[in-house]
Every structure is written in structure tokens, then in C-alpha cells.
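Undergrad: mind folding the following:
(one chain, ligands or ions: 1)
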Amino acid sequence: MSYVDEVIAKVKEKNASEPEFLQTVEEVLTSIRPLVDANEEKYRKLALLERIVEPERQVKFRVPWVDDNGQVQVNIGYRVQFNSAIGPYKGGLRFHPSVYIGIIKFLGFEQIFKNSLTGLPIGGGKGGSDFDPNGKSDMEIMRFCQSFMTELFRHIGPDTDVPAGDIGVGGREIGYLMGQYKRIRDCYDGTLTGKGTENGGLAGRAEATGYGVVFYAREMLKHFGEELKGKTVALSGFGNVTWGTALKLNELGAKVITISGPDGYILDEDGISGEKVDYLLELRGSGKNICSPYAEKYPNAKFFKGEKPWGVKADLYIPCATQNEIRIDDAKAMVANGCKFLCEAANMPTTNEAIEYLKENGVVIGPSKAANAGGVACSCIEMSQNAGHTIFTADDVYAQLENIMVNIFKQSIAACEKYGLGDDLIAGANIAGFERVANAMLLQGIV
Ligand code: GLU
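TA: Down below sits the predicted model:
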């Protein structure tokens, strides 16, 4: 059995109850096969893959908090410190009822290679809780965040582990987490990123992930002789990433026609632009987690209850919501509609089965580890802003972000060429991200 298959089999045996983690390990290890095969003897002896699939450390803790009725609630908190070979652990916190250790491990594993692709000195980590911020009052959110940080603070620090936001954790939550961290540690040290600019946050961080996705999509289309201008784009989600992506797509002359929520999707053939994009922030801020009010506010738009936007005809599809939102039936609908390009803004939005089908049918896929790396890249810029006790302008940030995204695309293509992978941008990104981490690990000895 090849070394890759051996390690996949071991991971399956040891983590059988964590399907999302197994999914990403299988996707990454299978796609880096050419690199591993070329170094099989050395990697096997040093157990490089066994080490890379095992988190360096994982913490699980109780988060008790008092709701507005005086009732005590108990949630579970997690932080998985996956890999620090190239820098301090870096990755967001997700607050969502679906969170359990398998979700945090999948996100932490993805983060290792994504962070590596940025070319910046950041390792991979992720955390979160099964707490659901939807429908909670502001004070409930604050009390939860304070309790969460009262436990997490001892595991993080500016050179150790730097959390940020993810689903359910935005500027408000980061503010409360930072306030409690500063109070306990008596230290204003930039340990969290995604802060408001008043708190040392980075100008442009809010839109960074979405802008980065569009820069990546632009490079991808350019490589295949096409441009974003005039293209029709189907997005999912209606949160921060969807908002930033829609803003930049409009600026570059593309037309956004869909958004979605857990309740269904919106089709707006007039285009989601101008004040309609700003309205997404209002919709998300309502705390109701539904997108149907868009169709009440803009009656030309149609709401499709309980459906996803993947059956709509578009030139480019950009999933921005959550993992596994594109399954095999969605992939079939997309191909039937003539889909040529898919650019993943959410983390692991496409199942492995759907990826295979799309690839077999000639669809070019920009993988999330590459396409959505602009968010964490700007988090690292925020870390250096804080460490240097300085402030960068939004224009500085956008220029650095654009450079980073162009480089990510170039590195992925270079890996495709070096290993004869054709247009497989997933394998190209995985190999480029893996190679940097593997080389750093090899230099550090058996740790
Ligand atoms: N949650 C984001 C991601 O998936 C950002 C992480 C960060 O800024 O640390 O990359």
C-alpha cells in the first residue's frame, strides 16, 4: 500500500466519528500524492504525514453563562492548535450549534495549508463553540464571550495562538472577547484579529475575504482567457464573505444574481448591487438568520423556499456559506447549466464526490484554501500592525491583499506545472501549501 493510502486508512480508523475531518484529510493527502510518492521513503521514516494529520494540541472546555432569564446555560468551547511549523497558530472561532471536535479539526487542518499559501508566517489552528448567537440578546452574547475567554486566554497570545472570527463570530463578538482578554491579561497585545479599527483592528479586514476571493477568481478566469466583466455570478450565503465578494464583483463589472440562507435562496435578475449589497449587512445584523426579507424589500426578486441557488444558470458559482453546501445533485445541476467555473469562498463547500463529478465534466475549481485565504492574510497584516504599534491605511491593505492573492494563484499553477497536474488547481494549491509546511517541519526535527 502506498504511504498516502496507509495514512488515510489510519486516520479513518482513529477518527471514524469525524466525517468532515476525514473528508479534508482524504482530499488533501490524495491530491499531494505526486509529491509524497517522490519522497516516500524519507517521509515514511520520519512519519511526516502521521504528524501532520495529528493536532499538536487540542483543548475542550466548559462555557457556563447566564441568559436574560437568569437561567444558567452550558456550552462547550474548543481550540485545536494544529500546526505551528511556520508560525503561531492562526485561525478563526466558529460559534454555531453544529460545532463539535470534528468540525474544528477539519477547519484547523484546512487552515494549515491555507495559511501556508499566503506566504506569511502563520501556523494553523481553529476554535469555537456549539453556542448559537442567533436570537440571543447583545448582553447574552457578551456574557457568553466573556465566559469563553475566561478559559481560552491561558492558551493564546500574540506569538502563540491568534484567534479571529468565522461563522457566528464577527466584529461584535471579537470586541467582547478582546475586552475580556485584555482585562484578564492586563495586556493590549493584538492577540485577536478582526477587531474594530477603534481597537487596533485593520482597515479593510471586514471586506478582505470577499475581495480576496474576487482577486483569485479574476486570476483564474484570466488564466483561461476570460474576464469577470459582464459575467453572471451565483453566490450563496448572506454574511460577511458574501457581502465583500458582491462588493468587489460589482466593482469589476460582474452581475451578482443570488444569495442564500438556511431558509432558501433569493434570485434577483436585476443584479444585487449598490444599496442592495449594503442591505445584506442589515439582514445579517437582524440576528434572524433568514434571507427571505430581501424579496419583501425588493419585490422584483424571487425567494425560493428551502432551495439552494445551484440550479440557477450562471457563468461563475461562488459558494460563500458553509461546508458541503454543494453535493452531487447540485454539481449535476450546475454541469447541466453549462457551468465552467466554481470558486470556493466558504471552507470546504463542495463534497469530494461533487468535486470529482465537476472535474470530470471540465469545470475549473478554485479551492477554498487558496481562494478565501485573503481573510487570514489580512489577519496576519493586522498582527504586524499591532506588533509594530502602527496603523496601515485601507489602500495599503488592499494593495498587499491583491499581491498575496495573485501570488497564491501563481504558486498553485507552478505546482500544477511541476507535477504535471494540468488545470487541477485543488492539487496545485494543496501541494504548494503542503510543501512549505513539510520543509519547515523537516528542519525542526522530531517535534
Ligand atoms: N475564519 C477565517 C478563515 O477561515 C479567518 C481566520 C483568521 O483570520 O484567522 O480563514
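Undergrad: for the ligand, what are the nearby residues on the stretch 1-150 of the chain?
TA: Contact residues (C-beta under 6 Å from any ligand atom) of the stretch 1-150 of the chain with the ligand: K90, G91, G92. (C-beta placed from N, C-alpha, C; glycine too.)
Undergrad: please export the C-alpha coordinates of stretch 376-384 as CSV.
TA: What follows is stretch 376-384, C-alpha atoms only, in CSV (Å, rounded to 0.1, in the frame of the first residue of the first chain):
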residue,chain,number,x,y,z
VAL,A,376,-6.4,35.2,7.2
ALA,A,377,-3.7,37.0,5.2
CYS,A,378,-5.2,40.3,6.3
SER,A,379,-5.4,39.0,9.8
CYS,A,380,-1.6,38.5,9.7
ILE,A,381,-1.2,42.0,8.4
GLU,A,382,-3.3,43.1,11.5
MET,A,383,-0.9,41.1,13.7
SER,A,384,2.1,43.0,12.2
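Undergrad: return the set of buried residues in it.
TA: Neighbour counts using 16 or more other C-beta atoms under 10 Å place V376, A377, C378, S379, C380, I381, E382, M383 of stretch 376-384 among the buried residues.
Undergrad: what about N75, how many residues nearby?
TA: Residues within reach of N75, counting by other C-beta atoms under 10 Å, total 20.
Undergrad: that one and P133 touch, don't they?
TA: No. N75 is beyond contact range of P133, at 11.0 Å (criterion: C-beta atoms under 8 Å).
Undergrad: now list whatever residues contact both of the two.
TA: Common neighbours of N75 and P133, counting by C-beta atoms under 8 Å, 6 or more residues apart in numbering, are F144.
Undergrad: for D395, grab phi and psi.
TA: phi -60, psi -40 (degrees, to the nearest 10).
Undergrad: number of nearby residues for it?
TA: 10.
Undergrad: in this structure, where's the longest strand?
TA: Criterion DSSP state E: the longest strand present in the chain is strand 72-83.
Undergrad: the closest residue to the ligand within the stretch 201-350 of the chain and P299: what is the separation?
TA: The nearest approach of the stretch 201-350 of the chain to the ligand comes at N347, 5.4 Å away (C-beta to the nearest ligand atom). Distance, N347 to P299, by C-beta to C-beta, to the nearest Å: 34 Å.
Undergrad: of the two, which one has the most company?
TA: For N347 versus P299, the count of surrounding residues by other C-beta under 10 Å is larger for N347: 25 against 7.
Undergrad: quickly find the element holding that one.
TA: Under DSSP states H and E, no helix or strand contains N347.
Undergrad: ok, it touching A371?
TA: No. With contact defined as C-beta under 8 Å, N347 does not reach A371; the gap is 10.4 Å.
Undergrad: tell me, how many residues neighbour the closest residue to K332 other than its chain neighbours?
TA: Spatial nearest neighbour of K332, chain neighbours left out: Y357 (6.8 Å); criterion: C-beta to C-beta, 6 or more residues apart in numbering. By other C-beta under 10 Å, the residues close to Y357 number 20.
Undergrad: Y357 reaches D329, doesn't it?
TA: No. The criterion here is C-beta under 8 Å, and Y357 misses it with D329 at 9.8 Å.
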